[in-house]
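Participant: Build me a structure from this.
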Amino acid sequence: MFKIVKKRYFIPSILSVFLLIGVSFKDDFFEISKQIEIFTTLFKTINQNYVDDTNPAELMDKAIKSMLADLDPYTNYFNEQDVIKFKINNTGEYTGIGAMITRKEDKLIIKEPYKGFPADKAGLKAGDEITQIGDVLLADFKDDASQLMKGAKGTNIKINYLRQGKPMSTQLILDEVAVKAVPFYGMVDGKTGYIVLSQFNQKASYETKEALEKLKDEGATQIVLDLRGNPGGLLNEAVNICNLFVPKNEIIVTTKSKNSKYNNTYKTNKDPIDTEIPLVVIVDGKSASASEIVSGALQDLDRAVVIGSRSFGKGLVQRPIDLTYGTQVKVTISKYYTPSGRCIQALNYSQKDKNGKAIRTEEKNFNAFKTKKGRTVYDGGGILPDVVLENTKTSAIAEALQKNDGIFNYVTYYYYKNPTLGDKIPTLTDTDLNDFKAFLKREKIAFDTETEVALKSTLEKAKKENVDAAIATEYQQLLSALEKSEETLIDKNQKEIKNLILDEIIKRYQYKEGLYQYYIKNNFEIKKSIEVLNDKSQYNSILKI
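Facilitator: Just a heads-up that it's a prediction; the model follows:
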């Protein structure tokens, strides 16, 4: 294993990584061999001669990951620990604490405890800051601290944490955690069934099928399938989910690669559940990959009306390939094409701008394709819904407030300020919005918008060049103007921001299940979906039925 190889030894097996990448490039064999020889000589020389001790495993891990990062964000190398995480994401099963966590400085932050699982049973809440796991202080532990909370079922782990600055402790008992692909389904009204599909793991089609059948038993005569925020997953599960609604032998997706063995056409191969039930699929800017295969195929086959905002635009397919010593590489092997023949990939990773970022395909360069019944659809920029809802797009200021945990941290403060709210759904007023803005100022939460980052970068460079004193006044004026502009943007987008705050508040008191229960009665996109389903002339007109 890489991590136990000592200094001064070269790892011959690492060649397999590079040979794998070059396997289909026979014409460049000499150049590939030459570069491998240069690299291995360099790697051996550094490990033998560098002034301080080196860690060959860390060097190799970083070298490989940096190399692959230049290709696209999806071609990744997995060391042994990474492989375990990758398998968890695909199977949806693991032994652990049952919570979404993130690392920030010297702490692990509980982002969302899952109802009924170990973290929840131990009393941990969103916003709690774990500082010690067992005997390990996280301030002294720079590796992946989440691994300290994994182990055999029934393992007891002591946790020290901070809650609103107050030191606390608890005991976690590890248990099996099953991550549901369909975390919620239910009847919206007497005839409309609603299914949330949050990921495409190995249970996705089974859970979706189960939800669909139970909703039909409960009287559902029309279905809303919600793919918002779904980042994708297993391609075959996307095909199987389409198969629930379309007949056997229907082409769902085609993959094309420079290596012909990866060229495939995926068809439905089972009897469907219902090919007639009216269907709406909701997508947004975070619906990607397998989500786009499902929404794109059902759109191309004129089987469903797609509602929401333009999807992410990931038309690339990855395949995990096992390497030596329990490692793995996930390689982008092909592009996928929906039944009409379109590839919805939005970013061209073979072309970069001056900042090294992939170039986005411009709308004027999109190509037109035809659905089964002759409707015009386009490639190059994700799935454009049949019914576009502009207010479902995330504004730049809202995105910044989610990225910098401004909303998350405010709701943590709100939760402990209002401990008895329970199942009540608050109505957020202008007073609440002003309280939110005051909180951001009080806690000095940076928005880290592109403009703000660029401005701070300018000051850092000025400090290095000893000219910061000369521009201090102008800098503060610019920063103040920027902060005022950001506050104006909060006011301008206050409806969207209030909704995001309310969503987080509901999750704190009622878990994710409570949020979905709220959605089926109040969410704009779901209401619009039902409106389209209920208006048969509009539904039929969109699909040319």
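Participant: Run through the strands of the stretch 1-150 of the chain in chain order.
Facilitator: 76-78, 93-96, 99-104, 107-113, 129-133, 136-137 (DSSP state E, counting those that start in this stretch).
Participant: which stretch among the ones you listed comes nearest residue 50?
Facilitator: Residue 50 sits nearest to strand 76-78 of all those, at 22.5 Å, using C-beta to C-beta. (Glycine included, C-beta is placed from N, CA and C.)
Participant: Summarise which helices and strands that closest one is packed against.
Facilitator: Under the contact definition 3 or more C-beta pairs under 8 Å, 6 or more residues apart in numbering; DSSP states H and E, strand 76-78 sits against helix 56-69, helix 80-91, strand 328-337.
Participant: ok, 10 Å please
Facilitator: Judged by 3 or more C-beta pairs under 10 Å, 6 or more residues apart in numbering; DSSP states H and E, the packing partners of strand 76-78 are helix 56-69, helix 80-91, strand 316-322, strand 328-337.
Participant: Residue 461: which of the ones you listed is closest?
Facilitator: Nearest of those (C-beta to C-beta): helix 56-69, 24.4 Å.
Participant: Going by neighbour count, list what's buried in that closest one.
Facilitator: Neighbour-count burial for helix 56-69 flags 56-57, 60-61, 63-64, 68 (criterion: 16 or more other C-beta atoms under 10 Å).
Participant: And for stretch 517-526?
Facilitator: Quick answer for stretch 517-526 (16+ other C-beta under 10 Å): 517-520, 523, 525-526.
Participant: And it, end to end?
Facilitator: Terminal residues of stretch 517-526 lie 12 Å apart, using C-alpha to C-alpha, to the nearest Å.
Participant: What mean pLDDT does that stretch get?
Facilitator: For stretch 517-526, the mean pLDDT works out to 96.
Participant: my guess is residue 57 meets residue 43, correct?
Facilitator: No - the criterion here is C-beta atoms under 10 Å, and residue 57 misses it with residue 43 at 11.7 Å.
Participant: Identify the residues contacting residue 373.
Facilitator: Counting by C-beta atoms under 10 Å, 6 or more residues apart in numbering, residue 373 touches 300-302, 543-545.
Participant: same thing but 7 Å
Facilitator: Residue 373 is in contact with 302, 544, counting by C-beta atoms under 7 Å, 6 or more residues apart in numbering.
Participant: Surely it is within a helix?
Facilitator: No - checked against DSSP: H, G, I helix; E, B strand; the rest coil, residue 373 lies outside a helix; its state is coil.
Participant: Could you export the strands of the stretch 1-150 of the chain to a markdown table, including columns for mean pLDDT?
Facilitator: Formatted as a markdown table, these follow (pLDDT from 0 to 100):
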| stretch | mean pLDDT |
| --- | --- |
| strand 76-78 | 85 |
| strand 93-96 | 62 |
| strand 99-104 | 88 |
| strand 107-113 | 92 |
| strand 129-133 | 94 |
| strand 136-137 | 91 |
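Participant: Which of the buried residues of stretch 517-526 fall in helices?
Facilitator: If you go by DSSP state H, those have 517-520, 525-526 in helices.
Participant: got those residues as a markdown table, with distance to residue 131 columns?
Facilitator: Output for those, formatted as a markdown table (distance: C-beta to C-beta, whole Å):
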| residue | distance to residue 131 |
| --- | --- |
| 517 | 34 |
| 518 | 33 |
| 519 | 35 |
| 520 | 39 |
| 525 | 40 |
| 526 | 40 |
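Participant: Would you point out the most distant pair within the residues you listed?
Facilitator: 517 and 525 (15.7 Å).
Participant: By mean pLDDT, show me the worst of the helices and strands packed on strand 76-78.
Facilitator: Set side by side, those show their lowest mean pLDDT on helix 80-91, which sits at a mean of 62.
Participant: Save the helices and strands packed on strand 76-78 as JSON lines, and put in distance to residue 258 too.
Facilitator: Below are the helices and strands packed on strand 76-78 laid out as JSON lines (distance: least, C-beta to C-beta, whole Å):
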{"stretch": "helix 56-69", "distance to residue 258": "17"}
{"stretch": "helix 80-91", "distance to residue 258": "25"}
{"stretch": "strand 316-322", "distance to residue 258": "13"}
{"stretch": "strand 328-337", "distance to residue 258": "8"}
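Participant: Checking the residue lying closest to residue 244 once chain neighbours are set aside next. Helix, strand or coil?
Facilitator: Among residues not flanking residue 244 along the chain, residue 273 sits closest, at 4.7 Å (C-beta to C-beta, 6 or more residues apart in numbering). Of the three states, residue 273 takes coil according to three-state DSSP.
Participant: Can you report how many residues lie near residue 273?
Facilitator: Residue 273 has 14 neighbouring residues, counting by other C-beta atoms under 10 Å.
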